[in-house]
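Asker: Structure for the following, please:
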Amino acid sequence: MCTNGVNTGQLELMIEQIDDHIKLERRWAHNLAHNAEDAGFATVGAKLHAAQTLLDDVRALLGEAKDAIEDDSSAAPGVTVSLV
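Answerer: I've put the predicted structure just below:
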């Protein structure tokens with residue numbers, strides 16, 4: 001469905017694609033943090049865990065954006081196109 005020239009289905013899929021990518025990066029940050037800690041790099045491990053937390057926040061915001069698509073499209077004023 002298109003609203004104001006935006007394909008909302010495609011928009012939702014693109015947000016899901018970004019979320020999948022962030023999910024993978026979060027897992028890598030988590031694994032790397034543990035590897036660093038196990039090797040005695042405590043500060044590096046802590047920073048990577050902090051990055052992991054920020055990636056969790058990004059994923060939450062992406063979820064909120066995806067949920068807002070329907071609300072925004074129903075509240076959109078609509079666009080009228082006239083052939084000249």
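Asker: quick one: pLDDT of S74?
Answerer: On pLDDT, S74 comes in at 74.
Asker: Spell out which helix or strand contains it, please.
Answerer: Following DSSP states H and E, one finds S74 within helix 42-75.
Asker: Going by neighbour count, which residues of that helix are buried?
Answerer: G45, L48, H49, A51, Q52, L55, R59, L62, K66, I69, S73 (16 or more other CB atoms under 10 Å). Yep, even glycine has a C-beta here, placed from its N, CA and C like the rest.
Asker: With respect to L11, which of those residues is nearest?
Answerer: Each of these was scored against L11 by CB to CB, and I69 proved nearest at 6.1 Å.
Asker: Thought N7 was touching the closest one, still the case?
Answerer: No: I69 lies out of contact with N7 (CB atoms under 8 Å); the separation is 10.8 Å.
Asker: Now for G40, how many residues are close by?
Answerer: Neighbourhood size, G40 [other CB atoms under 10 Å]: 8.
Asker: again with L32
Answerer: As a burial measure, L32 scores 16 neighbours (other CB under 10 Å).
Asker: I'd say it and K47 touch.
Answerer: No: applying CB under 8 Å, one finds L32 not in contact with K47, separated by 10.3 Å.
Asker: burial of I22, as a residue count?
Answerer: Residues near I22, counting by other CB under 10 Å: 16.
Asker: So it versus L61, what's the distance?
Answerer: 10 Å (CB to CB, to the nearest Å).
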